Each structure stands twice: as structure tokens, then as C-alpha cells.
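J.: here is a sequence together with a model predicted from it:
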Amino acid sequence: MTTTIATTPSMSAATPWIRRIPLVVVLMLIPMAAINLVAFILPVARLAMISFIESRSGGVLTDTFTLENYIDFFTDSFSVELISNSLLLGFIVTLATLICAYPIALFLHRVSPRWRNFLFVITISPLLVSSVVRTYGWMVLLGDQGVVNGLLMSAGIIQTPVRLVNNSLGVYIGMVEVLIPYMALSLIAGFGRLDMVFEEAAASLGANSWTRFRRVILPLTMPGIALGCLLCFVLAISSFITPKLLGGGRVFLLATEIYDQAVIQLEWPSAAATSVIVLIIFGLALALYSRVVKRFD
Amino acid sequence: MHCLAKKYLSAALFSATILAGNQIAHAADITVMGYRGPFEENYVKAVVEPFMQAHPDIKVTYYGVQNAATSLGNMRAQRNAPQVNAVIYDLSVAKIAKEEGLVAELDTAKLPNYADLADVGKELAGAAIPITYDTLSLIYNRDAFPQAPTSWETLWDPKQDGKVIIPAQGGGDIQAILLTIIANRLAGEDDYKETIEPGVEKLVELAPHVQTWEPKPDAYTLVANGTASVSIGYNARSQFYTDHTEGRMQSVGPEEGTASQINVISALENAPEQEATETFINYALSPEAQAAFAQVMFYAPTNAKADVDEATRKRIPLMDPAQREKLIAVDWMSIGDMRDDILRPWRRQIIPAGR
């Protein structure tokens, strides 16, 4: 009796909300929700569980639960280096990608529709080739015996090869190239508000090209910039293949550390704890993004 | 007549069914997990196929994986219902598998060939039986060295600045662990259990000369194609690559001695077909299987009775009495406990010194 009285108000409050969703929509959502549950939520839950398992020396898993893996991460100065390296990579690569992709996206937005589709396909065509293959291409181009060093040496600009790969510089170059199509796509998607009419109005009022860009174009393209930056930042700090191939083992990042902990050191609980921390960083980036986007709406 | 023929036919069919049933009852399918690439290719040819010819009632499928860690991952994932019957992997990883209860403790008395195995790497008894021995070698590009190097000190030679490759994987790779122990000896400290500090300092000196700590696709290829001139690698793979690069990449067991890596074979706990698995393991330890694999892949056999021809013996440092004399002993049972102590300086001192 008591139960009935207690649940009645909440049920009546929930009813209108549920009724607003048509049954067919609920049925259509079930397959995707089931796939998400099996392929994402359950594995992540399992990962989170492993992060609390204690491991003995050498990576032997035990049945004991502990917070040690998280305590070890946050008390180890190397973790600070990992987080700062990953965030720095994320910021620098995102900024460089934005600078490279923004003029391309603006040009594509303004070009005549006759050429737009063709140029659009050219812009995203690198995505047709695996990023691993493209990264190997960079290794060939930037290596000590690569095309770039070869040209510089034959031109007499340098006497010995400059180290362009197997370090942070190589990772930055490779990552920017890999992410430019993603940034360009996001920018174009977010340029919906931009209309030549506003620029013409600003010009008729005496604004020079720099002022038009700063006061008209940039604010109107901010949603695209925010979207592109979020996407590239998340892809950059979670990137693994490119830093692994171009970093020469010198660039320590969160993603490469997870791989090393799991596959080289066999420390699955530590790898799981680091993964959960990366997931939290992603969550924070998304929350920050939502706040930034709200300011432009 | 017609009735009689029918009776004969029925009897024949009945007998055939019984025989087929018997055949099925004796037949076993087992899966052996191990390293992929050249190891898989040659192991199947030298061991698995001859075994199946000798035991037509047992079918063996070889399942190749990237490395021992991947094998451990699969074993953990299939703990309750293993899809694999036996695994070939590294001794240090086998220790973890044993402690987690993933592998069966075989009764070595039931494996006649076990008694003929050398003593090295037998610490885990029937849970992980040594199947191949390998050693760390100095590998070099033939064209970069008119005279073959003979010492580990070649890695520190200033002439090789920017041409040295160390496959370290952040210090976690077994080759990096072995190099730490070797560097420790070069710096005057013979007992790595006492301290590895001299070795770390020696490796810090090496760091600025290193081109990459994670060669892609691997050190052998980069040395063979001249991207680097000198590196470290396992002898078995080095010999294999020497043959496949027309000798552009060469290897040597340095005069200061080298250290060994041990691959073992384990039967999985809770896996079916234990009898067939034990039959295969016993065959894999036999002199003929060990010799056949040594001939094609240059791993030192663990069976002392394996008869390997002279030309192959010359290419396996562990089969050279002089090199065996100088072998640096590594206690793989305690390396797990030391891993953090080895990893820490690699990440904080050695690799950063070469940035």
C-alpha cells in the first residue's frame, strides 16, 4: 500500500515524457542501443573493473581490488609528463591543423558550385588512403636518407641530415597531415551562417579586408572552428599509430603508454587505469566544448 | 540372392560405421599458438607437418600471434574455455601464465624426451618446457663495416652517430632488458641483481647516438637497407634475415659474451585433448623436431641429442663451446620483480638523454 502511494507521483510525472516518444522510435533505437551496450558500454565497464585489480610484480593479475593503480598514476611524475605531452600535442596539432585547413575550407565555401564538389573530393581524398600508409610515406620523405634531407643536402643548405623524424617534430608533421581533412570537413559543416552579403555590407560601411575577417567572417565561422578543434583535439590526444611510427620511441604520450603497459609490460590494470583517465580527459574536453559552443549560439 | 546381397551390404555398412566411429573417437584436433611470421612458416614446415605425418590421427593447427604478450592476452580471455591447446612463448611471460593458473602442470615423466633437455630454462618444470634457445646478437650492415665488428662497444663508437638502432619499446622489451645487463657488465658490474646503475650510465652515453628506439618495421630491415648501420637483434631472426637480404645484414656474437632468451611450450589448463597435446609436446621436444627447426630457423635446440649439421652449428652461438662459456646468465624468474627498476631509468634517464 505504502509502495503504491510512494511511486504514484513519480510515475505520473514520468508518463508525459515517455508518451511523447512514439513506440516506433523506441523500437528503432533498440538495435543501436543493444550494439552500443555490447560493443561499448560493457567493454568499458570491464576495462574500469580491471583498473581496480591488483597486479603483482611482472604483471600477474590477482583477485584483489585496489586503488593502487590510480594512486601510482597520480603520484608518479612521469604521468604528469605523459598528460602534459599529450595535451601539448593536442593543442599544437589542433592549432596547426586549423591554420592549414581554414583557408582551404573558406575557399571551398566560396568557390562556384561547379568546382566545389570536385575540390571537396580532392580535399578529403587523403582519407581514402590508410593513415598507416601515409605515415610510412612521411618516414620515407623525412628520414635521414629521405627526399627532404636529400634535397637540402644536394642544394648545399645542410652538410649532414637534419633529424626530421623519430622525434616530436616528425609526430607533429605527420599528425597535422593526417588531421587536415577532418578539420576541413568540420569547418565546412560549420560555415552555414557565413554569407557574402554580410561581408559586402561590412565593406560598404568602409571595413577593410582584415576588419571584415576579424569582425564578420571569424565570428560567423566560430561554430565550425569549435567543432573542428574538438574533433582534432580528441583525435590528436588519442592518436597512437602516427606517434608510434614517427616518434622513434622518444615521444611518450598517454595512448602510447597504454599500449606499452598492456602489450610490453603486461600490466593490464595500469593500462586500464590510464585508459579510464584518458576517457575522463575526453569527457572534460567535451564538457568544455559544450560551454564554448553555447556562447556562439 | 537378392536377400543375401542385402545382408552383406548391411553388414559391410555396419562395419564401416563402426570403423569410422572408432576413427573419429581417436582423431583429435589441437591448436598450437605461437609467434607468427618466419617462425610460424618454418615451424609448420619443420615440426607440425612431419608430426601430422607421423600421427595421422592428430590434426594440428598453428595459430600465429604477434608476440608472447598477445598469447598471454588470448589465454586470459579464454581462461574458462580455451580455444588453444598449447602455446609457444617466452619464459618470462610463461611465469606470469603459471602464476595466474592459465597453464597445466604436465607430468614430465610422461614426456620421454624431457629427460634429454638441457637444464637452462627448466625452472617452471612441466608448466613451461624449454623448446628453443636464442641469444642476443650485434647486427650490422655489411657495407658499413669493411671489417666485421667483434664487440658490443661498436654501439658506442662515435663513428656510428645517428646510425645506431636500439629496439627498446620504452625499456620494456626483452632485448632492452638484456642490453641493460650487458651494458652493466661492460661498465664493470657483473651482477645485475646487485645494481644496474653502471649499465644505465653507460646507456645514457649511448642515447645521443641512437637514431630510433622503436624501429619500424624492425631493426633487421633498417640495418639491411642501410638506414642504420648497427643494432641488436636475436640471433635466429638475424640469420634468417642474412639469408633473405643476400648477406647485406650480418650478425655476430660479440667477444664479451651474450645472454640468452628462452622460448617454452605449455599446455593450457582446462583445454580439451590433453593426451594429443602431450603427444605433440613430446614430439616438439624430440631430437628430430629440434634439429629440423634449428636447420631452418637457427634457434639452438634444447634437446641435447639433437643432431645439427656443422654449417648450421656455426651460425648458432649457443652451439659454439667458446660462446657458451661466455654466456651471461639471466635469471628470468627474478626479472619480473626487477622490471620496474629497469623500466624507470629507461624512461627517465636513458631515452630522454637522446632527445
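T.: Sure, I can see it. Numbering: from 1, shown residues only, chains lettered A, B, ... in the order given.

J.: hey, where'd the helices end up in chain B?
T.: B:2-26, B:38-43, B:49-54, B:68-77, B:91-99, B:174-186, B:197-206, B:219-224, B:235-244, B:274-284, B:287-297, B:310-313, B:321-325, B:332-345 (DSSP state H).

J.: just the stretch 51-200 of chain A next, same as before
T.: A:68-75, A:77-110, A:113-124, A:131-142, A:147-154, A:168-189, A:196-204 (DSSP state H, counting those that start in this stretch).

J.: elements contacting the first one?
T.: Identification of packing neighbours for helix A:68-75 by 3 or more C-beta pairs under 8 Å, 6 or more residues apart in numbering or on different chains; DSSP states H and E yields strand A:53-56, helix A:268-296. For glycine as for every other residue, the C-beta is placed from the backbone atoms N, C-alpha and C.

J.: output the contacting helices and strands for the longest one.
T.: Contact partners of helix A:268-296 among helices and strands, from 3+ C-beta pairs under 8 Å, 6+ apart: helix A:42-50, strand A:53-56, helix A:68-75, helix A:77-110, helix A:218-237, helix A:254-259.

J.: okay, the angle between that helix and helix B:68-77?
T.: Here the directions of helix A:268-296 and helix B:68-77 differ by 90 degrees (axes from the mean of the first three to the mean of the last three C-alpha atoms, to 10 degrees).

J.: can you give me the buried ones in helix A:268-296?
T.: For helix A:268-296, a neighbour-count test (16 or more other C-beta atoms under 10 Å in any protein chain shown) marks A:268-278, A:281, A:285, A:289 as buried.

J.: quick one: the helices and strands packed on helix A:268-296 as a markdown table, columns for mean pLDDT too.
T.: Formatted as a markdown table, the helices and strands packed on helix A:268-296 follow (pLDDT from 0 to 100):
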| stretch | mean pLDDT |
| --- | --- |
| helix A:42-50 | 95 |
| strand A:53-56 | 90 |
| helix A:68-75 | 94 |
| helix A:77-110 | 94 |
| helix A:218-237 | 91 |
| helix A:254-259 | 92 |
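
J.: to B:Ala97, which of the ones you listed lies closest?
T.: strand A:53-56 (13.3 Å; C-beta to C-beta).

J.: does that closest one reach chain B?
T.: Yes: under the criterion of C-beta under 8 Å from any C-beta of the partner chain, strand A:53-56 makes contact with chain B via A:Arg56.

J.: for that strand, give me every contacting residue.
T.: Strand A:53-56 has contacts (C-beta atoms under 8 Å, 6 or more residues apart in numbering or on different chains) with A:61-66, A:68-69, A:267-270, A:272, B:99.

J.: now stretch A:109-119
T.: Taking C-beta under 8 Å, 6+ apart as the rule, stretch A:109-119 contacts A:107-108, A:188, A:191, A:194, A:196.

J.: filter the residues you listed down to the buried ones and hand me the ChimeraX line.
T.: Here is the ChimeraX command that selects only those of the contacts of stretch A:109-119 that count as buried (16+ other C-beta under 10 Å):
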select /A:108,188,191,194
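
J.: including distance to A:Tyr172, could the contacts of stretch A:109-119 go into JSON lines?
T.: Output for these, formatted as JSON lines (distance: C-beta to C-beta, whole Å):
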{"residue": "A:Phe107", "distance to A:Tyr172": "24"}
{"residue": "A:Leu108", "distance to A:Tyr172": "25"}
{"residue": "A:Ile188", "distance to A:Tyr172": "24"}
{"residue": "A:Phe191", "distance to A:Tyr172": "26"}
{"residue": "A:Leu194", "distance to A:Tyr172": "29"}
{"residue": "A:Met196", "distance to A:Tyr172": "35"}
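
J.: quick check: the two most widely separated of the contacts of stretch A:109-119?
T.: Within those (distances taken as C-beta to C-beta), the two that end up farthest apart are A:Ile188 and A:Met196, at 15.7 Å.
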